[in-house]
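>>> Coordinates for the following, if possible.
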Amino acid sequence: MSAGLMDSSRAAPGKTAAIYELTKWDFYLTLTNWGATILSVILPDSKGLIFGNLADIALGFQGIGPYINSSTTFGALAGRVGNRISGARFVLNGTPYRLYPNNGRNSIHGGHRGFSRFFWTVTEKVDGQILPTI
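This next block holds a predicted model:
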């Protein structure tokens, strides 16, 4: 299976969103480099590869535009924090940290510039290669 390796890169002027498809047998994953967002996941139902019906099981929008212009994080890579931080602040080893509140008074999924708001650089991965860590 060949695949696109998502590798972080800060959004820069002139970057454009693109769509990539990863496939293996009857499994299709479509994603975009905007937020490493999953656009669709198509796979067979419980009847299996040969007799199964293919269906898209991903929740989301049609196309890239709504993801870029929306505040939702459907299918996007969650980070730096994958949950809600109450009061948009925390203490680590006695040092208080304040975060950007983007969910009322709370910070959720990385704040106003979480991983879902980055353009990612796509590089090729070939079967058998070990992926570098990000």
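
>>> measure stretch 104-116 end to end?
End-to-end span of stretch 104-116 (Cα to Cα, to the nearest Å): 19 Å.

>>> Now it: average pLDDT?
For stretch 104-116, mean pLDDT rounds to 85.

>>> Show me which positions of that stretch end up buried.
Residues of stretch 104-116 classed as buried: 107, 108, 109, 110, 111, 114, 115, 116 (neighbour count, 16 or more other Cβ atoms under 10 Å). Heads up, the C-betas are built off the backbone N, CA and C, glycines and all.

>>> which residues touch that stretch?
For stretch 104-116, the surrounding residues in contact (Cβ atoms under 8 Å, 6 or more residues apart in numbering) are 8, 35-37, 73, 76-88, 99-102, 117.

>>> Can you give me the pLDDT of the residue of the chain positioned farthest from its centre?
Residue farthest from the centre of the chain, counting by Cα atoms, centre = their mean, is residue 94 at 32.3 Å. Predicted confidence (pLDDT) at residue 94: the value is 97.

>>> That one and residue 77: what is the separation?
Relative to residue 77, residue 94 is positioned 31 Å away (Cβ to Cβ, to the nearest Å).

>>> Equivalent analysis for residue 86, please.
Separation of residue 86 from residue 77 (Cβ to Cβ) stands at 23 Å.

>>> ok so, going back, of the contacts of stretch 104-116, grab the buried ones for PyMOL.
Buried subset of these, written as a PyMOL selection, criterion 16+ other Cβ under 10 Å:
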select buried, resi 35+36+37+73+76+77+78+79+81+85+88+99+101+102+117
